[in-house]
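Visitor: Provide a 3D model corresponding to the input given below.
(one chain, ligands or ions: 2)
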Amino acid sequence: PLIRREDYVAPAFWIRTVDISFDLDPAKTLVISKMKVERNTAVPHGPLRLHGEELQLLRVLINGESVSFRQEGHELVIEAAPDADFTLEVRNTCAPEKNTALSGLYTSGGSFFTQCEAEGFRRITYFLDRPDVMAVYTVTLRADKTKYPVLLSNGNLADSGELDATRHFAVWHDPFPKPSYLFALVAGDLVAREQRITTRAGRDHLLQVFVRRGDLEKTEHAMNSLVASIVWDEARFKLPLDLERFMIVGVSDFNMGAMENKGLNIFNTSALLASPATATDADFARIEAIVAHEYFHNWTGNRVTCRDWFQLSLKEGLTVFRDQEFSMDMAAAPSARAVCRIQDVRQLRAMQFPEDSGAMAHPVRPDSYVEINNFYTATVYDKGSEVVRMYQTLVGRAGFEAGMKLYFERHDGQAVTCDDFAQAIADANPGSALATRLEAFKRWYSQAGTPHLKARGTYDATAQTYTLTLSQTNPPSPGQDSKLAQVIPVAMGLLSHEGQVLPLQLQGETEPAGTDRVLVLDQSAQSFVFVNVTADPVPSLLRGFSAPVLLDDGLTDAELLVLLKHDTDAFNRWEAGQRLSLNRILAAVRSGKPLVLDGAYIEAMRSLLRHPQLDSAFKELALTLPGEAYIAEQLEVIDPQAIHAAVDAAQNQLAHALRDDWVAAFEGNQVSGGYQPDPVQSGKRSLANLALAMLVLDAKRSGDTVWPGRAYQRFKDAGNMTDRLGALSALVNAHAELAEPALARFHQQFKDEALVVDKWFALQGRAAERDGKTFARVRQLLQHPDFSLKNPNRARSLIFSLCMFNPAAFHRTDAAGYVFWADQLLALDAINPQIAGRLARVMDRWTKLAEPYRSAAREAIVRVAAKAELSSDVREIIERALASD
Ligand code: ARG
Ligand code: ZN
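Guide: Ligands and ions are numbered 1, 2, ... in the order given. The predicted structure is shown next:
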């Protein structure tokens with residue numbers, strides 16, 4: 001059924017405490033839950049309706065007496081619930097080892113784990129499984145002591161001991177009331193890295209990272225990241241760790257990256273384990289960000305939680321913003337901060353922009369859903385984070401911190417809404433650019449779609465004025481035909497054509513107010529007049545990507561070159577380079593003519609690559625062409641092969657024209673000394689890897705054997721995974737002959753490292769397509785003994801790599817890619833609907849495809865839709881895809 005935001009009603013009952021015990025057995029686990037329940041007198045009198053799925057019910061008692069009930073679909077209905085407070089006892093069993101959906105209580109590698117967000121707790125026991133019902137939990141775990149020596153749940157350990165010769169128990173108590181989605185338990189044969197810390201407040205805490213025996217040496221980076229996160233949140237937002245003990249546990253079967261269960265975060269091992277030999281620099285950075293993200297949820301998510309799931313971005317958007325700020329602060333140097341920002345924006349453009357213009361487009365605060373798991377999206381997370389960033393831009397950093405303080409003063413311990421957050425930030429900043437436009441600003445929560453921002457300037461040399469006209473259009477999206485103007489903060493500056501920074505004085509101001517300021521567009525069009533402008537300026541707009549919009553600034557190549565050379569804003573410097581590339585790629589795709597790069601462009605790229613001051617990390621980003629998904633976003637009709645061909649041509653020409661510079665970049669970016677995943681070292685490795693990829697690519701054209709040979713040597717001798725994988729990837733993409741022995745060797749060397757085997761599959765799934773060979777290989781790899789659809793990381797590594805990240809191999813004129821997609825989707829749906837729901841999203845933008853892709857995609861979607869027993873996850877995505885026709 002469709003759930004609507006406007007239908008929200010508070011629950012008919014509150015559950016205040018939960019005393020829950022588990023007799024853990026993989027085949028049949030007994031759950032006994034005793035709850036203190038209270039009628040909510042603020043809503044109309046009604047029955048008690050508990051959620052429950054895939055459970056065997058044994059008995060239901062109220063105040064110790066059996067009570068009559070009925071089961072209605074996934075609800076247990078008790079008509080005769082008392083008006084006075086009462087105790088409710090439910091006994092049921094569940095089957096963890098049969099739980100392939102990995103939601104609720106399940107087994108992985110012989111241990112027990114839980115995942116309850118969003119609605120997994122109802123697969124453990126009957127409950128009011130909604131985030132506005134917050135209770136204090138006491139959890140008793142009983143299990144075999146040799147198979148499950150470690151027994152964990154949220155909060156503090158209250159008791160533990162032996163039950164008999166074979167079984168033991170542990171009792172955990174979490175003093176903080178929490179919604180059921182934050183419940184967790186873990187039982188298994190695990191070991192922990194431990195560290196004690198004393199926080200500023202002078203309190204001692206025990207930090208633990210639990211993993212399988214043998215993985216302990218891969219937890220150092222996660223532990224360091226956790227310590228850094230704790231220190232940062234106390235320093236930046238004055239938010240301390242509130243539990244004596246903070247635990248993280250790794251599990252290799254997990255649907256998402258990680259989960260912020262109170263005091264007991266559970267992580268996909270891919271987001272936790274790292275060693276220089278098995279993880280890349282990007283993995284190290286991702287682990288740091290995810291450890292921080294889950295830790296930061298302790299305040300933004302757990303202490304203050306969501307009233308209902310429509311408010312998901314209240315915790316996710318805010319927590320992504322916090323982890324992005326943390327990563328920037330950790331990067332420290334201004335140039336490294338800019339690199340973080342560029343990477344976040346690339347991600348937003350690659351994933352969120354396409355989402356926002358496709359069949360699944362939805363507001364940051366959605367209005368309806370069938371399956372909430374389908375709404376853990378780039379929009380809720382990443383656009384949500386951009387919305388939080390705009391608050392900070394509008395009220396300033398100090399103002400934002402004051403707003404956060406007020407938010408916690410008002411709402412600590414509550415389940416609240418996005419409106420409550422907006423109100424707190426505005427109330428802490430009366431008279432600010434936010435407070436004076438709060439209602440209009442909140443359209444960021446209610447209107448889907450990426451706004452189009454247009455900017456045009458005119459210079460009057462005699463009057464020395466520059467008039468900048470900003471206008472916006474907000475294209476329709478499913479269910480939203482017409483939209484109102486958004487509040488768009490436009491951070492900007494002006495440069496002369498010689499690259500001089502110009503002072504900014506708006507008409508009516510008595511003196512210039514700096515060289516960098518924020519204009520706020522809140523109408524469909526507005527003009528801003530700058531006075532005392534001594535030279536025809538080049539505008540640098542949307543600095544730092546100050547709003548999640550598509551910008552058309554109409555700048556010429558000459559103007560973009562000024563920004564590329566001289567902009568003081570590193571983000572816009574990078575952006576100018578991207579725009580130069582984008583313009584050329586789009587012109588080729590639109591005209592159908594082969595892309596030929598011009599000398600001016602190549603010289604600009606050459607001087608970037610040779611630049612004596614710029615960071616290697618920045619150079620790598622600047623010399624990487626825009627992503628194919630973002631390019632597609634600029635086009636009305638998408639021909640994936642034409643886009644790929646243009647990008648490929650640009651790549652080959654850059655490889656050739658800058659050959660000597662790539663050699664210099666490769667030689668000049670070798671890292672000596674011990675491996676550190678810091679911005680300087682990882683920047684050098686990333687540029688050296690790009691240079692190597694370019695040199696191997698150019699060798700394919702020239703027939704040169706030296707660089708492929710060097711790549712193979714580097715692959716063999718590499719001292720870390722970043723270099724090894726970089727060299728392997730260069731061969732896989734451009735040198736078929738050497739790729740074969742290299743891939744075989746890599747598999748042999750790492751066959752016992754599951755996370756590295758994932759990389760091995762992913763590399764082949766993403767490999768450059770040559771005459772259908774990549775596609776054929778992926779199909780063949782489905783039969784590989786190491787492949788399994790049951791493990792989400794493995795399924796993603798092969799299938800998602802092809803369908804989501806390899807458009808040239810996936811979109812085939814013979815439709816075989818779409819047939820593959822439908823087959824794998826149906827197989828996956830029978831095992832794990834959440835993962836299948838993600839794969840279904842591949843077809844979000846099928847209506848924009850050119851023929852013959854469009855018709856073939858439609859046929860594949862219709863075939864999936866025709867299947868009677870689809871999960872609600874996949875059904876919702878597929879129906880929305882068809883409705884977008
Ligand atoms: N709250 C988790 C995080 O952002 C993600 C949980 C996702 N769960 C799901 N069922 N989709 O860190
Ligand atoms: Zn989160």
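Visitor: Now the residue lying closest to residue 104 once chain neighbours are set aside: phi and psi?
Guide: Using C-beta to C-beta, 6 or more residues apart in numbering and skipping the chain neighbours, the partner closest in space to residue 104 is residue 123 (2.9 Å). C-betas here are computed from N, CA, C, even on glycine. The main-chain torsion angles of residue 123 are listed as degrees, to the nearest 10 and equal phi -90, psi 0.
Visitor: Number of residues surrounding residue 123?
Guide: 24 (other C-beta atoms under 10 Å).
Visitor: which residues touch the one residue in the stretch 501-650 of the chain that gets nearest to ligand 2?
Guide: With C-beta to the ion as the measure, the residue in the stretch 501-650 of the chain that lies nearest ligand 2 is residue 548; the distance is 18.4 Å. Listed by C-beta atoms under 8 Å, 6 or more residues apart in numbering, the contact set of residue 548 reads 348, 352, 383, 386-387, 450.
Visitor: who in this structure is up against ligand 1?
Guide: Counting by C-beta under 6 Å from any ligand atom, the residues of the chain close to ligand 1 are 117-118, 256, 258-260, 293-294, 316, 373, 376.
Visitor: now do 5 Å
Guide: Applying C-beta under 5 Å from any ligand atom, one finds that the chain approaches ligand 1 through 117, 256, 373, 376.
Visitor: Tabulate those residues in TSV, adding columns for secondary structure and distance to residue 691.
Guide: Supplementary listing: the residues of the chain next to ligand 1 in TSV, determined by DSSP: H, G, I helix; E, B strand; the rest coil; distance: C-beta to C-beta, whole Å:
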residue	secondary structure	distance to residue 691
117	coil	42
256	coil	35
373	helix	42
376	coil	37
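Visitor: Which one of the residues in the stretch 51-200 of the chain is closest to ligand 1?
Guide: For the stretch 51-200 of the chain and ligand 1, the shortest gap (C-beta to the nearest ligand atom) falls at residue 117, measuring 4.4 Å.
Visitor: Am I right that residue 305 falls within a helix?
Guide: No. Secondary structure assignment places residue 305 outside any helix; it is strand (DSSP: H, G, I helix; E, B strand; the rest coil).
Visitor: pretty sure it is touching residue 178, no?
Guide: Yes. With contacts counted by C-beta atoms under 8 Å, residue 305 reaches residue 178, the gap being 7.5 Å.
Visitor: Show me whatever sits in contact with both of those two.
Guide: With C-beta under 8 Å, 6+ apart, residue 305 and residue 178 have common neighbours residue 134.
Visitor: hang on, the earlier thing: the residue of the stretch 51-200 of the chain closest to ligand 1 - nearest residue in space that isn't next to it in sequence?
Guide: Distances taken as C-beta to C-beta, 6+ apart put residue 181 closest to residue 117, at 4.2 Å, once the chain neighbours are dropped.
Visitor: Distance check, residue 356 against residue 297.
Guide: Distance of residue 356 to residue 297, given as C-beta to C-beta, to the nearest Å: 25 Å.
Visitor: let me fix that: residue 234
Guide: The spacing between residue 234 and residue 297, counted by C-beta to C-beta, is 16 Å.
Visitor: So which of the two has more stuff around it?
Guide: Just comparing residue 234 and residue 297: by other C-beta under 10 Å the higher neighbour count belongs to residue 297, 25 against 15.
Visitor: part of a strand, is residue 142?
Guide: Yes. Secondary structure assignment places residue 142 in a strand (three-state DSSP).
Visitor: thinking residue 133 is in contact with residue 181, fair?
Guide: No. Checked against C-beta under 8 Å, the pair residue 133 and residue 181 is beyond contact range at 10.2 Å.
Visitor: These two - which one has more neighbours?
Guide: residue 181 (24 against 21).
Visitor: residues contacting residue 532?
Guide: Counting by C-beta under 8 Å, 6+ apart, residue 532 makes contact with 464, 503, 505, 512.
Visitor: Where neighbours are concerned, which of those residues has the most?
Guide: residue 505 (17 neighbours).
Visitor: Just give the nearest non-adjacent residue to that one, would you?
Guide: residue 512 (4.0 Å).
Visitor: On the secondary structure side, give me the element for that neighbour.
Guide: For residue 512, there is no enclosing helix or strand under DSSP states H and E.
Visitor: how about the residues of the stretch 201-350 of the chain near ligand 2?
Guide: The stretch 201-350 of the chain comes close to ligand 2 at residues 316, 319, as judged by C-beta under 5 Å from the ion.
Visitor: all strands in the stretch 201-350 of the chain, in order from the N-terminus.
Guide: Defined through DSSP state E, counting those that start in this stretch, the strands belonging to the stretch 201-350 of the chain, from first to last, are 204-212, 245-251, 258-259, 264-268, 305-306.
Visitor: out of those strands, nearest to residue 424?
Guide: Of all those, it is strand 305-306 that lies closest to residue 424, at 14.9 Å by C-beta to C-beta.
Visitor: in its sheet, what does that closest one sit against?
Guide: Counting by DSSP bridges, the strands paired with strand 305-306 are strand 415-416 (parallel).
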